[in-house]
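Asker: Here's my sequence, what's the structure:
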Amino acid sequence: MALELIPRILFDTAVFIDAANGVLEKGAPTTRIPPSDWNRAVAHVDRNFVHAISPYTVAELLTGIANADPNCFSQNKVALRKLRSSFRSHVHLPYTKYFTLREVFGLPAPYPDNLEDNFDSKMDIVLDATSLNYLTQIRFFDSFLSGRRYQANCSRIRAERIQADGLKLTRNKWASDMLVPLELADTTENLSLLNLRLDACFYWDELCHLKARNTKCDLEKVIKMQYDLSQLNFLAAQDLVFVTRDSALVKAIAKSNQANRVMLWNDFLRTFKK
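Answerer: Numbers count the residues shown, from 1 in each chain. The predicted structure is shown next:
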């Protein structure tokens with residue numbers, strides 16, 4: 001008899017930031033997640049899901065801490081603490097290249113020796129540290145900051161090329177481009193698999209293209225939008241649910257075949273809140 005798999009749930013980075021703001025009573029009251037709501041959500045997740053930690057969420061929170069006011073170090077760690085310690089159990093998701101090769105194509109895709117695949121110890125170092133200055137002195141954040149700059153630069157080059165050339169996005173061209181970093185053949189079967197399993201990514205990328213083609217658009221906003229492509233990639237796993245605070249994202253991917261596994265935080269609360 002096969003064991004029933006427990007579904008994984010992935011929260012967007014803004015969920016942890018808004019939950020931290022609820023504790024700290026920072027930011028606009030309408031965007032805070034009150035501790036009472038957060039506690040109910042955690043209890044629901046612990047009963048029904050396994051919490052999935054994305055490397056992109058870890059990187060975003062760590063770079064945010066690195067760039068924030070050192071005098072507010074304790075407060076700036078609250079979101080990271082919620083990511084690390086709120087849930088009874090968790091799993092770490094691989095970077096998207098390795099995730100897609102494994103989940104979509106069923107390939108082994110082992111990590112290179114120098115690539116981190118479990119961020120628990122990294123998060124613990126930050127949470128246990130007494131000052132930001134110490135972490136800065138030991139150059140703890142260097143790899144995260146470098147990776148973030150590289151990701152931003154790639155996104156900027158892509159957005160600028162789209163704007164300069166007025167490039168339109170087609171499904172086949174999009175899927176073909178996705179196959180390049182995966183080092184897979186541009187076959188009909190591979191294209192079909194990507195279009196099926198990464199459907200939400202296509203719809204969000206289509207919106208990124210549409211905005212970037214507008215010469216009056218602020219490309220920095222498009223660059224930030226492109227970060228979400230990495231998170232949406234995890235929807236290729238058919239057991240995974242993604243919870244976000246971004247209503248524009250939910251609207252953009254509403255026609256995708258993964259839309260039923262993407263929820264706004266408030267809608268997620270309504271599924272179990274009395």
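Asker: Mind listing residues that contact stretch 36-52?
Answerer: The contact list for stretch 36-52, computed with Cβ atoms under 8 Å, 6 or more residues apart in numbering, reads 6-11, 19, 22, 82, 86-93, 234, 240-241, 268-269, 272-273. Where C-beta positions appear, they are placed from N, C-alpha and C, glycine not excepted.
Asker: swap in stretch 217-230?
Answerer: Counting by Cβ under 8 Å, 6+ apart, stretch 217-230 makes contact with 12, 54, 56, 60, 96, 151-152, 155-156, 158-160, 163, 201, 204-205, 207-208, 211-212, 246, 249, all of which sit outside it.
Asker: related to what we said a few turns ago, for ChimeraX, what selects the buried ones among the contacts of stretch 36-52?
Answerer: Here the buried members of those are turned into a ChimeraX selection, burial being counted by 16 or more other Cβ atoms under 10 Å:
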select :8,9,10,11,19,22,82,86,87,90,93,234,240,241,268,269
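Asker: Next step: the contacts of stretch 36-52 restricted to strands.
Answerer: Under the assignment DSSP state E, those contribute 8-11, 90-92, 240-241 to strands.
Asker: how about these in a markdown table, adding pLDDT?
Answerer: Conversion of these to a markdown table gives the following (pLDDT from 0 to 100):
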| residue | pLDDT |
| --- | --- |
| 8 | 97 |
| 9 | 98 |
| 10 | 98 |
| 11 | 98 |
| 90 | 96 |
| 91 | 95 |
| 92 | 96 |
| 240 | 97 |
| 241 | 97 |
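Asker: Throw these into CSV and include distance to residue 47, thanks.
Answerer: What follows is the ones in strands among the contacts of stretch 36-52, written out as CSV (distance: Cβ to Cβ, whole Å):
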residue, distance to residue 47
8, 14
9, 11
10, 17
11, 16
90, 15
91, 17
92, 21
240, 17
241, 14
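Asker: send the alpha carbons of stretch 208-226 over as PDB?
Answerer: Output in PDB follows, covering the C-alpha atoms of stretch 208-226 (Å, rounded to 0.1, in the frame of the first residue of the first chain):
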ATOM      1  CA  CYS A 208       6.800  41.000 -17.300                       C
ATOM      2  CA  HIS A 209       7.400  41.200 -21.100                       C
ATOM      3  CA  LEU A 210       4.300  43.300 -21.500                       C
ATOM      4  CA  LYS A 211       5.400  45.800 -18.900                       C
ATOM      5  CA  ALA A 212       9.000  45.900 -20.100                       C
ATOM      6  CA  ARG A 213       7.900  46.700 -23.700                       C
ATOM      7  CA  ASN A 214       6.300  49.900 -22.400                       C
ATOM      8  CA  THR A 215       9.100  52.500 -22.800                       C
ATOM      9  CA  LYS A 216       7.500  54.500 -19.900                       C
ATOM     10  CA  CYS A 217       7.700  51.600 -17.600                       C
ATOM     11  CA  ASP A 218      10.100  51.600 -14.600                       C
ATOM     12  CA  LEU A 219      12.300  48.600 -15.400                       C
ATOM     13  CA  GLU A 220      13.300  48.300 -11.700                       C
ATOM     14  CA  LYS A 221       9.700  47.100 -11.100                       C
ATOM     15  CA  VAL A 222      10.000  44.600 -13.900                       C
ATOM     16  CA  ILE A 223      13.300  43.300 -12.400                       C
ATOM     17  CA  LYS A 224      11.600  42.800  -9.000                       C
ATOM     18  CA  MET A 225       8.700  41.000 -10.800                       C
ATOM     19  CA  GLN A 226      11.200  38.600 -12.400                       C
END
